[in-house]
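**Q** Predicted structure and sequence below. I'll ask about it afterward.
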Amino acid sequence: MSRPTNPRILVTGIPSHLTRLIQRADKAQVYYSEKQRDSETRDNFIQELKNISNTGNYLIGEGAMTALLPSARHIPFWHLYNCVNNGTGGLEEVNKEFDICVFTCANLLRKGLSADAEALVLSKLDMPVVMLGIGIQNRPDIEGEDGLPAGTKKLLEVLKSREHYFLTRGG
């Protein structure tokens, strides 16, 4: 009897610590340095802290990678977006390399954020999508016709058109 293979999991969305180690990305491959660069100046250090200023969001990205190892590989969202938006290609390889996408996010359903980039990238992935932490920050803000921005409505349409799962905190 053959043993089932582990699913090949793409993790993207909220950055984890791995983002600081990236040297370059090409198609479905991301190349990392062995250790993060030292901050060259005080301003560089402050900027790095600002990049992860929301520790709850940071921990979502970290937690996903830790929980899903060893089957998970991280590809930064900015790289996937560039593959689609800049015509550099690479999404074909991503679709071949992975079976499922875990998209780490937090409070994506809100009035002031249009998820155009997320809708674009996820529409090009040919795999089920798990939205980990999609959440609503303030429900009254999104009720009514003008609540959700157009890009976020598009994202929800993309997700409705394919196999998808929502994982959130609370109820």
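**A** Happy to help now that I have it.
**Q** the helices in the chain, which residues?
**A** Taking DSSP state H as the test, the helices found in the chain are 42-51, 55-68, 77-85, 91-97, 116-124, 139-142, 150-160.
**Q** Out of these, flag the one nearest residue 24.
**A** With distances scored as Cβ to Cβ, the stretch of the helices of the chain nearest to residue 24 is helix 77-85 (9.2 Å). For the C-beta atoms, the positions are set from N, CA and C on the backbone; glycine is no exception.
**Q** Show me what the closest one is packed up against.
**A** strand 9-13, helix 91-97, helix 116-124 (3 or more Cβ pairs under 8 Å, 6 or more residues apart in numbering; DSSP states H and E).
**Q** Take these and lay them out in a markdown table including distance to residue 27, mean neighbour count and mean pLDDT.
**A** Output for those, formatted as a markdown table (distance: least, Cβ to Cβ, whole Å; neighbours: other Cβ atoms under 10 Å; pLDDT from 0 to 100):
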| stretch | distance to residue 27 | mean neighbour count | mean pLDDT |
| --- | --- | --- | --- |
| strand 9-13 | 13 | 25 | 94 |
| helix 91-97 | 4 | 16 | 94 |
| helix 116-124 | 13 | 19 | 96 |
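**Q** which one of the helices of the chain lies closest to residue 33?
**A** Evaluated with Cβ to Cβ, these place helix 42-51 nearest to residue 33, the distance being 14.8 Å.
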